[in-house]
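Engineer: with the input below, show me the fold.
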Amino acid sequence: MSPATIILEEQGLRDGLQTIAVSIPAAQKLSWINQLIGAGLRRIQVTSFVHPRLVPQMADAEELVNALPKRDDVVFSALVLNIKGVERAIASGIRHLAISLSASNTHSLKNANISLEAARAAFKEMVALALQHQVTIRGGIQCAFGCRYEGAISEALVYDLVQHHLDCGVQELALADSTGMGNPLQVKRMVAQVLAKAGATPLALHLHNTENKGYANLCAAAEVGVRQFDTAFGGLGGCPFIKGATGNIATEDTSHMLMQMGYSTGVNISKVAAVSREMEVLLGKPLPGLLYKLADREDIRMT
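Structural biologist: Sure thing, here's the model as predicted:
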């Protein structure tokens, strides 16, 4: 991979859909997945194995995974929050899992119904089970840059959780600004520390744009060496258990900005924008992203 390459993991199918009220059939999700692959995205988080009563949009997780195209060049992943989710995911045949816990005890209780202390032990058990079945694990830390319920999160705690994840044997790490509270100086400082601790283990950032700092935070992280970010088509997304949560940084907006900065993402903005426009029609309202509205202009139609 060239030093100028940045990988975008598309999470619109999971983070983007988990809070919307409109029911999306598995066949439509599969159509969007194929369109996103056609747009050049090679990492796509397709679903989460969570209780369908709590997140009804993810009730078709097994059906969707079973229908995924057979592509050796695409990493399809799913999010899990407990051992039951890991068991379901393994049974479905998916080969890559995002297993995360929250650095905020309050958010952990609201999001996963478990304390942070208990979540650490559960995380170790989940990772061990997944690794037994040769499933690749990305270990995530939610609310790494702040919590709406608790305010500032101890940076020392975040670094301790990073080491905890590494000790458990995860193959990748992810820091999530779940609340969008992070700022560029904080992101740069913390990411530099985590990269030093992680060594050869890849680090991704999952950034929400709640306070309109998501793209600035991406630039700060890229400056210190992060080469993988989560995005969602049209800027969809938001945790249903965080008050005031809004969407992820948009795939189109992120890719366009990175290309202007000299990075390669391999993403065709116009093709991703077509998915966003379909979603806009389906929801009957504009999405948070901006570039999908402009993607037919010649000056931004690029790959």
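Engineer: all strands of the protein, in order?
Structural biologist: 7-10, 43-49, 75-80, 96-102, 136-142, 172-177, 203-207, 228-231 (DSSP state E).
Engineer: could I get the ones you listed as TSV with mean pLDDT?
Structural biologist: Formatted as TSV, the entries for the strands of the chain read as follows, by pLDDT from 0 to 100:
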stretch	mean pLDDT
strand 7-10	98
strand 43-49	97
strand 75-80	97
strand 96-102	97
strand 136-142	98
strand 172-177	98
strand 203-207	98
strand 228-231	98
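Engineer: can you lay out those strands as a markdown table showing mean neighbour count and distance to Gly284?
Structural biologist: Where C-beta positions appear, they are placed from N, C-alpha and C, glycine not excepted. Output for the strands of the chain, formatted as a markdown table (neighbours: other C-beta atoms under 10 Å; distance: least, C-beta to C-beta, whole Å):
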| stretch | mean neighbour count | distance to Gly284 |
| --- | --- | --- |
| strand 7-10 | 24 | 23 |
| strand 43-49 | 24 | 24 |
| strand 75-80 | 24 | 27 |
| strand 96-102 | 26 | 30 |
| strand 136-142 | 24 | 30 |
| strand 172-177 | 25 | 29 |
| strand 203-207 | 25 | 27 |
| strand 228-231 | 26 | 23 |
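Engineer: redo these as a markdown table? Include distance to Asp60.
Structural biologist: A markdown table is the format used below for the strands of the chain (distance: least, C-beta to C-beta, whole Å):
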| stretch | distance to Asp60 |
| --- | --- |
| strand 7-10 | 18 |
| strand 43-49 | 8 |
| strand 75-80 | 12 |
| strand 96-102 | 18 |
| strand 136-142 | 22 |
| strand 172-177 | 24 |
| strand 203-207 | 23 |
| strand 228-231 | 22 |
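Engineer: which of those strands sits closest to Ala295?
Structural biologist: Each of the strands of the chain has some distance to Ala295 by C-beta to C-beta; the shortest is strand 228-231, at 14.6 Å.
Engineer: ramachandran angles for Val170?
Structural biologist: For Val170, the backbone dihedrals (degrees, to the nearest 10) come out as phi -70, psi 150.
Engineer: now do the same contact list for it.
Structural biologist: Contact analysis of Val170 by C-beta atoms under 8 Å, 6 or more residues apart in numbering lists Ile99, Val127, Ile137, Arg138, Gly139, Thr201.
Engineer: got a list of what Glu9 touches?
Structural biologist: So Glu9 contacts Leu41, Arg43, Ile44, Gln45, Val75, Ser77, Ala204, Gln228, Phe229, Asp230, Thr231 (C-beta under 8 Å, 6+ apart).
Engineer: this completes my enquiry, with thanks.
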